[in-house]
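Visitor: Got a predicted structure here, sequence first:
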Protein chains: 2
Amino acid sequence: MGLNFEVSATTDAGGRRAELHLPHGTVQTPVFMPVGTAATVKAVQQESLEQLGANGAGAEIILANTYHLYLRPGHELIRRAGGVHRFMSWKRPMLTDSGGFQVFSLSKLRKVTDDGVEFRSHLDGSKHFFSPEHSMEVQIALGADVMMAFDECVETPATWQRTRDSMALTHAWAARSKAYFDAHKNEVPWAAVPTALDCHPERSEGSPHFDRVPHPSQSHRDGWDSDRLAGRTQCLFGIVQGGMFPDLRRESAERIVEMGFDGYAIGGLAVGEPPEVTHEMIARALEILPKDKPRYVMGVGYPDQIEQYARMGVDMMDCVLPTRAARHGLLFRTAEPGDSDGGSTVRMNIKRVDFAEDQRPIDPACACPVCQRYTRAYLRHLFVSKEPLGATLNSIHNLAFYLDTMQRVRNSLAGV
Amino acid sequence: MGLNFEVSATTDAGGRRAELHLPHGTVQTPVFMPVGTAATVKAVQQESLEQLGANGAGAEIILANTYHLYLRPGHELIRRAGGVHRFMSWKRPMLTDSGGFQVFSLSKLRKVTDDGVEFRSHLDGSKHFFSPEHSMEVQIALGADVMMAFDECVETPATWQRTRDSMALTHAWAARSKAYFDAHKNEVPWAAVPTALDCHPERSEGSPHFDRVPHPSQSHRDGWDSDRLAGRTQCLFGIVQGGMFPDLRRESAERIVEMGFDGYAIGGLAVGEPPEVTHEMIARALEILPKDKPRYVMGVGYPDQIEQYARMGVDMMDCVLPTRAARHGLLFRTAEPGDSDGGSTVRMNIKRVDFAEDQRPIDPACACPVCQRYTRAYLRHLFVSKEPLGATLNSIHNLAFYLDTMQRVRNSLAGV
């Protein structure tokens, strides 16, 4: 059994407060998932991720990218390490994408056939082939709690006919993904993998140091080999496509739901279309998707957008925006009286000279460790000086801002 | 009063276990000081620095570079922020170098006269002038606990006569540094600087958030404005030069000691000479330097070297090596039976393919948070993938290794 989804409250607008129980733990939803492309949320320590947010609960689920990990360090290496959880030392839930979106956006040469996609690595130009079956095989090796069906992302703009053909391919691939997954889902890499301790018996004999401090491999073992993983399997989400056409979105949702997945994603959005169109496509799909399964919109968005979608009934979202913006010096903060643009969130460009002697925290209303300790003046200095600490502190703040946004939405949905 | 130095144990070899009391706190010596060039120890959060080491005591003193901070963000900006402690949110002791070494090593165009050094910025080529008086003025603006006299670092190799002339200039500059410092040492930037709270009265009114969590500016105020800083001043160390000539090293130590500083540094070493020569020059200077003042060797060294110098009677050392090596994937670990080179420390190049599936921590004998949690395989992946987290984790480990080395030496010197 991979997944258990318990809705505790639903609003008239369709928003729901729920708990998503996964093999590696429970996720409070609606949830925003930080993106850890190469088994690392860029510039942020796992220790920091575990403590993010005003309530200190941290990120309850993060995402890793199948395409990147397949190319480097390779999924078989990660399988031998016991899966991506152990590889990166992350004990909480994780989700892997299917690789499809990255193949379409990062690979220069690609050739799509009914069977799958041939592409060249963005790293070294080497030739590779992803089919639905291969994507499943790779994602099983990675061992995330949630896997995604292999889909085709249609280019934008695309005609109705081109979009419908692409959607049909996505549906065929979804069925093949599910068939492969059903046949192989017991091959999780979490099973008895030797711990560092087992590998190195000299470390189990208790040097004086180990008497003082519990050894990592011992505490790892406690965390990794607990009963909670026994008999658990990964779960698989289907992906709704259909481009920017409401009728296709509805049709795609119907087809994917008929196949029966553990959860449902809405893909192919936030690829350049106007926000009203994104909103419309999400709304059309949500009308069809079952209310008792988690619903995930991939690759969104700005803080006001993730709040809006959560209130519509989206349970999960992910985006590189908070971390990527952070590395470019763009920081989110709560709007204050006097801010001109009228929204609830303000974007600050920390490199602006206005901040050179600004001794305030990024966001006076934020409880994150960065706002608790560091000034805008210092963060500007780090950014202007290209100091790596700047990217780290900016990322921690932006992620905390996103997580706090979702905490606020969850409280609101629950009527707290 | 800037400094109080209490020696609690001395060995036959001259090594001493002591406490160095400075305005911002007490430092257990012998001590290794991490280098925070631009008011940041590269890629490491202040929070991590505070917890480094097997005993969790963290770095008790760090270094910042006057030359870099003078150029960017500028010493007057830092003075207005209340000094570099507040600017970077570091409440523990700090030391600034004089800028001399960096002017000599980083500036392409420089012209030395008796009055000082004219140089061009490595950032934008702009023209600047540092005299002993100006170095003192800048260091007072930065407000570190320990300042360094402005010195000339002679190029290496250099003749006896060239070295002696340079040394004489260093002595003249030391006297001028001390005269300026004595006349201005009450100008510390720690005095009543408005806190973030004072600047922004709306933040003192207690939003619900502030009722839950003490606001940073409140806790900052507790830390920054406590009585311990009242009436305290910075202190000034003199620098012994003399190149690679034992007679000049002794002569320089005698002249500098006659001037009467709060502590004494040995400069101009680890600039390419063989380790035996470094050792010899340190030994000659230590013969002259008073036993009741702290003694600091600048810019050293490898772990076995800092241990060796501490056992000779050196109380303070700093070096970019642990952090710079970390960014290049070079990690230090304790030697194990079977390691070929016979020393007590082994250098690992984490990018080597041998580590690709090595599930051990960097150093099984290390209690640092990186060795408690992450594998060599993961650190190799981060390094090979150029992920910023790699530099961070590598730096934390190497710094912890250095601090633990010094903790071991301190215990040994104290007979523990």
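Guide: It's in.
Visitor: Just the strands from the stretch 301-416 of chain A, written as ranges.
Guide: A:316-318, A:330-334, A:345-349 (DSSP state E, counting those that start in this stretch).
Visitor: Compare those strands and give me the one nearest chain B.
Guide: Minimum separation from chain B across the strands of the stretch 301-416 of chain A (Cβ to the nearest Cβ) falls at strand A:330-334, 10.2 Å. For every residue, glycine as well, the C-beta is placed using N, CA and C.
Visitor: tell me what that closest one is packed against?
Guide: helix A:321-327, strand A:345-349, helix A:388-413 (3 or more Cβ pairs under 8 Å, 6 or more residues apart in numbering or on different chains; DSSP states H and E).
Visitor: if I look at A:Phe130, how far off is chain B?
Guide: Applying Cβ to the nearest Cβ, to the nearest Å, the value for A:Phe130 to chain B is 20 Å.
Visitor: Spatially central residue for chain A, please.
Guide: Nearest to the mean C-alpha position of chain A, by Cα atoms, centre = their mean, lies A:Leu63 at 3.3 Å.
Visitor: surely that one meets A:Asp97?
Guide: Yes: contact criterion Cβ atoms under 8 Å: A:Leu63 and A:Asp97 qualify, at 6.8 Å.
Visitor: low pLDDT regions in chain A?
Guide: Along chain A, the parts satisfying pLDDT under 70 run over A:1-2, A:108, A:191-227, A:341-342.
Visitor: re the thing from before, what helix or strand is the residue nearest to the centre of chain A on?
Guide: strand A:62-64 (DSSP states H and E).
Visitor: For that strand, give me every contacting residue.
Guide: Among residues not part of strand A:62-64, those counted as contacts by Cβ atoms under 8 Å, 6 or more residues apart in numbering or on different chains are A:33-39, A:41, A:49, A:84, A:88, A:90, A:92-97, A:142, A:144, A:318.
Visitor: now, which of the residues you listed lie close to chain B?
Guide: Contacts with chain B within these, counted by Cβ under 8 Å from any Cβ of the partner chain: A:38-39, A:88.
Visitor: and those, which of them are in helices?
Guide: Applying DSSP state H to those, the entries found in helices are A:Met88.
Visitor: just the ones next to chain B among the contacts of strand A:62-64 now: which is nearest chain B?
Guide: A:Ala38 (5.0 Å).
Visitor: Can you get me a residue count around the closest one?
Guide: A:Ala38 has 21 neighbours, counted by other Cβ atoms under 10 Å in any protein chain shown.
Visitor: again with the one 5 residues further on
Guide: Summarising burial for A:Ala43: neighbours were counted as other Cβ under 10 Å, giving 24.
Visitor: mind checking how far it is from B:Val370?
Guide: A:Ala43 sits 16 Å away from B:Val370, going by Cβ to Cβ, to the nearest Å.
Visitor: what does the stretch 1-150 of chain A have sitting close to chain B?
Guide: A:38-40, A:42-47, A:54, A:72-73, A:77, A:80-81, A:87-89.
Visitor: In ChimeraX, how would I select the buried members of those?
Guide: Burial among those is assessed by 16 or more other Cβ atoms under 10 Å in any protein chain shown; the matching ChimeraX selection reads:
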select /A:38,39,40,42,43,44,45,46,54,73,77,80,81,87,88,89
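Visitor: Now render the strands of the stretch 301-416 of chain A as a markdown table, adding mean neighbour count.
Guide: Rendered in a markdown table, the data for those read as follows (neighbours: other Cβ atoms under 10 Å in any protein chain shown):
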| stretch | mean neighbour count |
| --- | --- |
| strand A:316-318 | 25 |
| strand A:330-334 | 22 |
| strand A:345-349 | 16 |
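Visitor: B:Arg284 is nearest to which of the ones you listed?
Guide: strand A:330-334 (53.1 Å; Cβ to Cβ).
Visitor: Using CSV, write out every CA atom in the closest one.
Guide: Presented in CSV, the C-alpha positions along strand A:330-334 are these (Å, rounded to 0.1, in the frame of the first residue of the first chain):
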residue,chain,number,x,y,z
LEU,A,330,14.9,38.0,-5.6
LEU,A,331,13.2,37.7,-2.2
PHE,A,332,9.6,37.5,-1.2
ARG,A,333,8.1,39.3,1.7
THR,A,334,4.7,40.2,3.1
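Visitor: So what angle separates the directions of it and helix A:388-413?
Guide: Calculated by axes from the mean of the first three to the mean of the last three Cα atoms, to 10 degrees, strand A:330-334 forms an angle of 30 degrees with helix A:388-413.
Visitor: Can you give the distance from strand A:330-334 to the centre of its chain?
Guide: On the basis of Cα atoms, centre = their mean, to the nearest Å, the separation between the geometric centre of strand A:330-334 and that of its chain is 20 Å.
Visitor: got a list of contacts for that strand?
Guide: So strand A:330-334 is contacted by A:303, A:322, A:325, A:344-350, A:362-363, A:365-366, A:379, A:394, A:397-398, A:401-402 (Cβ under 8 Å, 6+ apart).
Visitor: Out of the residues you listed, which are close to chain B?
Guide: Answer for the contacts of strand A:330-334 near chain B (Cβ under 8 Å from any Cβ): A:Ala365.
Visitor: List buried residues within the contacts of strand A:330-334.
Guide: Using 16+ other Cβ under 10 Å, the buried members of these are A:303, A:322, A:325, A:345-346, A:348, A:350, A:362-363, A:365-366, A:379, A:394, A:397-398, A:401-402.
Visitor: A:His68 reaches A:Thr37, doesn't it?
Guide: Yes: A:His68 is within contact range of A:Thr37, at 5.3 Å (criterion: Cβ under 8 Å).
Visitor: Helices along the stretch 201-350 of chain A, start to end?
Guide: A:208-212, A:216-224, A:246-259, A:275-288, A:303-312, A:321-327 (DSSP state H, counting those that start in this stretch).
Visitor: would you turn the ones you listed into TSV with distance to B:Glu6?
Guide: Below are the helices of the stretch 201-350 of chain A laid out as TSV (distance: least, Cβ to Cβ, whole Å):
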stretch	distance to B:Glu6
helix A:208-212	28
helix A:216-224	37
helix A:246-259	73
helix A:275-288	66
helix A:303-312	54
helix A:321-327	45
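Visitor: So what does A:Met33 look like in phi/psi?
Guide: With angles defined as degrees, to the nearest 10, A:Met33 sits at phi -110, psi 110.
Visitor: Look at it and say how many residues are nearby.
Guide: Neighbour tally, A:Met33, other Cβ under 10 Å: 25.
Visitor: Kindly confirm whether my reading is correct that it touches A:Ala59.
Guide: Yes: between A:Met33 and A:Ala59 there is a contact under Cβ under 8 Å: 7.3 Å.
Visitor: Quick check: A:Gly329 touching A:Phe383?
Guide: Yes: judged on Cβ under 8 Å, A:Gly329 makes contact with A:Phe383 at a distance of 4.7 Å.
Visitor: Give me the common contacts of these two.
Guide: Contacts common to A:Gly329 and A:Phe383, judged by Cβ under 8 Å, 6+ apart, are A:350-351, A:390, A:394.
Visitor: No more questions from me, cheers.
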